[in-house]
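> Fold the stuff below for me.
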Amino acid sequence: MGLRGVRYRGIVFDFNGVLFWDADLQVKSWQVIARNLRGHEMTDDELVAHMHGRPNSYVLSYLAGRTIAGQELLDMIQVKESFYRELCLSNPRRLVLSPGAPDLLETLARSNIPRTIATSSEITNLKFFMEHLRLDRWFDVAKIIYDDGSRPGKPAPDVYLAAACNIGVAPSECVVVEDALSGLAAAYAAGIGYIVAIGAPAALQKLLTCNGVDTAIKSLRDFPRERLLDRT
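Below you'll find the predicted structure:
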């Protein structure tokens, strides 16, 4: 748990559900895949435990009831993600950063706070977000951690350990902002110094009960900026 009054040197953001609010679009696209693979949709409990924050390889293998790998995995990922991107493009007013995100990112950039993203998205989606949301305004693309198949996905700690390494900050000196239970577990397992959970108002009390979570917020407008060192 973060210590009272301590300020941290760097920050790592999850992307989907944090910088970009797309949970319903993700659910809609995954439910199409679920119906195709097993004939029925995922329940709400399944979505929480086996979809939100999880890498594609995990979700597809879960839905198929067997390990999916190799070219079959790559082909199925592109089917799902192509449908997801079509949903994003068909809702242009939704294809924007989450409330409070641009202002927070501008503040971090002005203050020279080390920062990056650790996402379960794969490279095609990352390029899509870069193009449409201009993430390169605030992030060094080379330092972003995405699902390239080289490391275990959340809830394993690897993505957050790699992200902290990329910005040159010890995990214990990092803040992480996450929305998914698997991602919060990954941040805790990585020894992140201060964990911020983000979610709908009705979910905040539950998020606060997760291991390691220090605070829960409704949007990045409420992010506790005093927790980061000002490096200006």
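> need the helices for this protein, in chain order.
All helices of the chain, identified by DSSP state H, fall at 23-38, 44-50, 56-64, 70-90, 101-110, 123-133, 158-166, 181-189, 204-208.
> hey, which of those is tucked in deepest?
Looking across these with neighbours counted as mean count of other C-beta atoms under 10 Å, the highest average goes to helix 181-189: a mean of 24. Yep, even glycine has a C-beta here, placed from its N, CA and C like the rest.
> And it, what does it pack against?
Where contact means 3 or more C-beta pairs under 8 Å, 6 or more residues apart in numbering; DSSP states H and E, helix 181-189 is packed against helix 158-166, strand 174-178, strand 194-198.
> Reformat the ones you listed into JSON lines and put mean pLDDT and distance to K206 next to each item.
Shown next, in JSON lines, are the helices and strands packed on helix 181-189 (pLDDT from 0 to 100; distance: least, C-beta to C-beta, whole Å):
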{"stretch": "helix 158-166", "mean pLDDT": "98", "distance to K206": "21"}
{"stretch": "strand 174-178", "mean pLDDT": "98", "distance to K206": "14"}
{"stretch": "strand 194-198", "mean pLDDT": "98", "distance to K206": "9"}
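> Would you tell me which of the ones you listed gets closest to H40?
strand 174-178 (29.0 Å; C-beta to C-beta).
> could you check the angle strand 194-198 makes with the closest one?
Orientation of strand 174-178 against strand 194-198 (axes from the mean of the first three to the mean of the last three C-alpha atoms, to 10 degrees) gives an angle of 20 degrees.
> and strand 174-178, what does it pack onto?
Taking 3+ C-beta pairs under 8 Å, 6+ apart as the contact definition, the neighbouring helices and strands of strand 174-178 are strand 10-13, helix 158-166, helix 181-189, strand 194-198.
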